[in-house]
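*Asks:* Sequence first, predicted model second:
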Amino acid sequence: APHENSARVALTIRPLAISVLCCTVMLQANSRADADTPGFARLDNSVDDATDTNMPAVANDELPNVHHPAFVLPPTQAQNTGPKMPDIGAAIAQSPAPLPKNLNAQFSETDFHKSGQFDFNHFPPDFLSGAYIRNGPLVTKFGGYVKADLIHDFDPIDSTDTFDPTTIPVGAPHRTNTRFHTRQSRLNMDNRWTVPGEEPIRVMVEGDFFGDNSTFRLRHAYGESGHWLIGQTWSTFAHRAALPNTLDSVGDVASIGRRQTQLRWTHHLIDDRLLIGAALENSQVRVDDVFLAVGTPRSELPDAVLRLRLVSESSQFQIAGLARRLGFQPNGQDVRTFTGRGMNATGLIDITDDDRVYGGILWGTGIGDYRDLPDLAPVSSTEGKALQSLAWYVGLKHQWNKAWSSNFTYSAADVQHTAFQPVDSLARNRYLAANLIWKPREHGFIGIEYLRGFRENGDGNGDSANRVMMSVGFILP
């Protein structure tokens, strides 16, 4: 009996000792990875729409060694009895070779940022961090985050999950509102094929929960190789790196955050510091509500976009042009067409290691849909025109210390108003946001944000709304 008890104790202690050793090895590996990246810079190496520098190669010691003795359990009688669990990591265990060195080859949707601030516009993290599944030349990474938003509105606004000043009801009776949700939480899957001597291939899929009734909604679904990209992702007319870093998922009223299906060609010039991109993108025509009662919007041709971007280690500047063909078909009549065109000039500068200024100017005719506004409006009972708009934004990102950062953003937008539009149609928007984000751990954050919006209608009447929100998030590695 004493021998049996000793055997039981040994069988109990051995797995515990092995578990402790495993945790120790993993913590040491995480500590080495964290030490390589000051602040949270590693989280900024993520999905965006251009590459400003070559991504560093993956070193062998940057990944946990699955063949370390701590991960190999000694054979025992207990392990050899009972049902055997399937070996889902067999593909990894059979191939101890390091990840291919061209895993982080340049992709048009990857952007390396010097700034070490945590940025909600940059997901998922690049392949230098996180967990991988490898099967031959294919490497798959799962990422995303869980984000809970705790929102309180001090004034009437109809967009309770996001802060959209266009939804401020002018002249509405006073009311307040509290709303908790997790709809901005995201899940993504990043796949890369790397074969020596061939162009790497990337397939990216991402979604959030902003669908109807908090259902899963597709954000990105695209593939790219070499100069070409096809699928749904950020519009070529947008500039991801220059977007405000707000806790609110909508952001300001002037920048372009549209994602749509496209065929894009990208080419690098002047030592990869100058990028040229051209794309044909899905066209969506949006008309004033008055038009909807007498006809149907038509999209006859894809939108054409051309952009130039100049990048350096501490700055980016972009100018993008857009050309559109807008259609509207009155009931029982032929389609009438209008020309839409626009320009988006954006940029950012890291003025210090802790401060980044950014901003942009958007101008155009018939480009309202890129800001969820009408492209066309009536000028008579039978005729219409493409509406002109002008918008701008400016902001500052500041890193207080290793764990604390802030973003300050102000933007304004003016939209043309015709005499045949309803008097309560939108004419002017204003947006202000200021936040403080605390990131005490590598995979968690807490932030608080103040937002103020203003809406003015075509008749000159306007109203404002104020909101305070707190966000708590957990980031997948």
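*Replies:* Received, thanks.
*Asks:* Flag the shaky bits of this structure, pLDDT-wise.
*Replies:* Low-confidence segments of the chain (pLDDT under 70): 1-130, 381-382.
*Asks:* Can you show me the helices along it?
*Replies:* Ranges of helices in the chain, per DSSP state H, are 2-35, 90-93, 289-292.
*Asks:* by contact count, what packs against the last one?
*Replies:* What that stands for is helix 289-292. When contacts are defined as 3 or more C-beta pairs under 8 Å, 6 or more residues apart in numbering; DSSP states H and E, helix 289-292 sits against strand 376-378. From N, CA and C alone the C-beta is placed, and that goes for glycine too.
*Asks:* what helices or strands is the strand it packs on leaning on?
*Replies:* Where contact means 3+ C-beta pairs under 8 Å, 6+ apart, strand 376-378 is packed against helix 289-292, strand 384-386.
*Asks:* run the last query once more with 10 Å
*Replies:* The contact analysis (3 or more C-beta pairs under 10 Å, 6 or more residues apart in numbering; DSSP states H and E) places strand 376-378 against helix 289-292, strand 315-330, strand 336-350, strand 384-386.
*Asks:* so which of these gets nearest residue 145?
*Replies:* strand 336-350 (23.1 Å; C-beta to C-beta).
*Asks:* List the buried residues in the closest one.
*Replies:* 336, 338, 340, 342, 344, 345, 346, 347, 348, 350 (16 or more other C-beta atoms under 10 Å).
*Asks:* Tell me the neighbouring strands of it, and mark each as parallel or antiparallel.
*Replies:* strand 315-330 (antiparallel), strand 355-365 (antiparallel) (DSSP bridges).
*Asks:* so can I have a markdown table of these showing mean neighbour count and distance to residue 271?
*Replies:* Formatted as a markdown table, the strands paired with strand 336-350 follow (neighbours: other C-beta atoms under 10 Å; distance: least, C-beta to C-beta, whole Å):
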| stretch | mean neighbour count | distance to residue 271 |
| --- | --- | --- |
| strand 315-330 | 20 | 15 |
| strand 355-365 | 21 | 23 |
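*Asks:* Now render these as JSON lines, adding distance to residue 140.
*Replies:* As requested, those are arranged in JSON lines below (distance: least, C-beta to C-beta, whole Å):
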{"stretch": "strand 315-330", "distance to residue 140": "30"}
{"stretch": "strand 355-365", "distance to residue 140": "32"}
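*Asks:* Ok, which of the helices and strands packed on strand 376-378 comes nearest residue 214?
*Replies:* Nearest to residue 214, of these and by C-beta to C-beta, is helix 289-292 at 26.9 Å.
*Asks:* from the chain's centre, how far out does the closest one sit?
*Replies:* Relative to the centre of its chain, helix 289-292 is centred 32 Å away, using C-alpha atoms, centre = their mean, to the nearest Å.
*Asks:* coming back round to it: now for the helices and strands packed on strand 376-378, which one comes closest to residue 245?
*Replies:* strand 336-350 (11.1 Å).
*Asks:* Based on its surroundings, how many neighbours for the nearest residue to residue 461 once chain neighbours are set aside?
*Replies:* With C-beta to C-beta, 6 or more residues apart in numbering as the criterion, residue 461 has its nearest non-adjacent residue at 5.3 Å, and that residue is residue 170. Neighbourhood size, residue 170 [other C-beta atoms under 10 Å]: 15.
*Asks:* these two touch, right, residue 170 and residue 158?
*Replies:* No: counting by C-beta atoms under 10 Å, residue 158 is not a contact partner of residue 170; they are 11.4 Å apart.
*Asks:* among the helices and strands packed on strand 376-378, which is nearest residue 261?
*Replies:* It's strand 315-330; of the helices and strands packed on strand 376-378, that one is closest to residue 261 (C-beta to C-beta) at 15.4 Å.
*Asks:* Please save the CA atoms from the closest one in CSV.
*Replies:* Presented in CSV, the C-alpha positions along strand 315-330 are these (Å, rounded to 0.1, in the frame of the first residue of the first chain):
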residue,chain,number,x,y,z
SER,A,315,5.8,60.9,-42.1
GLN,A,316,3.2,60.1,-44.8
PHE,A,317,1.5,62.3,-47.3
GLN,A,318,-1.2,61.2,-49.8
ILE,A,319,-3.3,62.8,-52.5
ALA,A,320,-6.1,60.7,-54.0
GLY,A,321,-8.5,61.5,-56.8
LEU,A,322,-11.9,60.0,-57.5
ALA,A,323,-14.1,59.9,-60.6
ARG,A,324,-17.7,58.6,-60.6
ARG,A,325,-20.7,58.1,-62.9
LEU,A,326,-23.9,58.6,-61.0
GLY,A,327,-27.3,57.5,-62.3
PHE,A,328,-30.9,58.2,-61.4
GLN,A,329,-33.9,56.7,-63.1
PRO,A,330,-37.2,58.5,-62.6
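*Asks:* Understood, closing this out.
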